[in-house]
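> Dropping a prediction and its sequence here:
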Amino acid sequence: QVQLVESGGELVQVGGSLRLSCRASGRTFDRVTIGWFRQAPGKERELVAAISWAEDTYYLDSAKGRFTLSRDDGKNTVYLQMNKLEPEDTAVYYCAGRRSVNWSKLRSQYDYWGQGTQVTVSS
């Protein structure tokens, strides 16, 4: 079992930056692929970015060039650096873990979930 805890969400102005953290505890973290999902009010939860334990990455088109993933297996933590934030980035961001070397866009393919952290981008 893996427990995931997100942190770093807050209110920020347009064009600002945030770094979200996803810290894991429990079983071996270095064999878990991590995805960051987000869900805005009235919208479906979508995969924003993912990083496998082989460090293969995925980014949503709107996140490319603005968001960057990194993982520190020694600290059991994955980071999502978000720059040039836009109002459309406002959502609850969830960290999810998958016992596979491959990432997936499907929520159902993830075995572990954090409680979420709110990101609000104000114009």
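Alright, I've got the coordinates. In this text, all values refer to a predicted model and were calculated from it rather than measured experimentally.
> Near Glu44, how many residues? Count them for me, please.
Neighbours of Glu44 under the rule other Cβ atoms under 10 Å: 8. Any C-beta I mention is one placed from the backbone N, CA and C, and that applies to glycine too.
> Spatially central residue in this structure, please.
By Cα atoms, centre = their mean, the chain has its centre lying nearest to Trp36, at 2.3 Å.
> That residue contacts Thr57, correct?
No. Judged on Cβ atoms under 8 Å, Trp36 makes no contact with Thr57 at a distance of 10.9 Å.
> Give the residues shared as contacts by the two.
Both Trp36 and Thr57 are contacted by 49-50, 69, under the criterion Cβ atoms under 8 Å, 6 or more residues apart in numbering.
> nearest to Ala63, of these?
Among these, Ala49 lies closest to Ala63 (Cβ to Cβ), at 5.9 Å.
> gap between that closest one and Cys22?
Ala49 sits 11 Å away from Cys22, going by Cβ to Cβ, to the nearest Å.
> Common neighbours of the two, please.
Residues touching both Ala49 and Cys22 (Cβ under 8 Å, 6+ apart): 36, 80.
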